[in-house]
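Fold the following for me, if possible:
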Amino acid sequence: MASESLSIALSFPSDLCHLAAARAFIAAVCKVGGFDQASTDALALAVHEALHNVIEHAHKNRAEVPLEIRCYPAPGFVEIQILDEGAPFDLAAVPQLDPAELRVGGRGVFLMRALTDELSCRPRGQRGNVLRLVKRNAPTTPDCSRP
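Numbering: from 1, shown residues only. Next up is the predicted model:
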């Protein structure tokens, strides 16, 4: 899917203080793609959870390790790829959680699965992973004239 379109990318240090900028970036990409507000909010939250997990678990809060988000907007959907430099991660090994279960933490992958239409992770060559999130939306004409 992604190879068929141009990407819009953002690179930044692995620091939690950059999550607000990353969310704004995702919202802007969704606006360009003509996404409605509910779909935009869902994807922004899913990406926020993914980035938080990468920063905390894969990069172990080492700000010097770069993170990259690549977005591929297309009519009716957007594909987001998050490129990290962490150890190999097996998304399939993360169990499906009971939404009624009370627990502190451990809901990031659950939320990503619930808020996106596709979620996958693959190794990134010699180091790192590529987490892929896809969100579909009814195609509309983007209004890029408003901020």
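
so where do the strands sit in this protein?
8-13, 66-74, 77-83, 118-123, 129-136 (DSSP state E).

I'd like the mean pLDDT over the third one, please.
Per-residue pLDDT over strand 77-83 has a mean of 97.

Can you point out the buried residues in the worst-scoring helix or strand of the chain on mean pLDDT?
When the helices and strands of the chain are scored by mean pLDDT, DSSP states H and E, helix 108-115 comes last with a mean of 89. Across helix 108-115, burial judged by 16 or more other Cβ atoms under 10 Å covers 108-113, 115. Every residue, glycine included, has its C-beta placed from N, CA and C.

And for the residue nearest to residue 36 when sequence neighbours are not counted, the neighbour number?
Of all residues not flanking residue 36 in the chain, residue 137 sits nearest, at 6.3 Å (Cβ to Cβ, 6 or more residues apart in numbering). Residue 137 has 20 neighbouring residues, counting by other Cβ atoms under 10 Å.

Give the full set of residues in contact with residue 137.
Counting by Cβ atoms under 8 Å, 6 or more residues apart in numbering, residue 137 makes contact with 30, 33-36, 39, 76-78.

Buried members of these into ChimeraX, please.
Remark: buried members of these, expressed as a ChimeraX selection using 16+ other Cβ under 10 Å:
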select :30,33,34,35,39,77,78
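
Distance to residue 122 added to the contacts of residue 137, as JSON lines?
Formatted as JSON lines, those follow (distance: Cβ to Cβ, whole Å):
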{"residue": "30", "distance to residue 122": "24"}
{"residue": "33", "distance to residue 122": "23"}
{"residue": "34", "distance to residue 122": "28"}
{"residue": "35", "distance to residue 122": "25"}
{"residue": "36", "distance to residue 122": "29"}
{"residue": "39", "distance to residue 122": "24"}
{"residue": "76", "distance to residue 122": "24"}
{"residue": "77", "distance to residue 122": "19"}
{"residue": "78", "distance to residue 122": "19"}
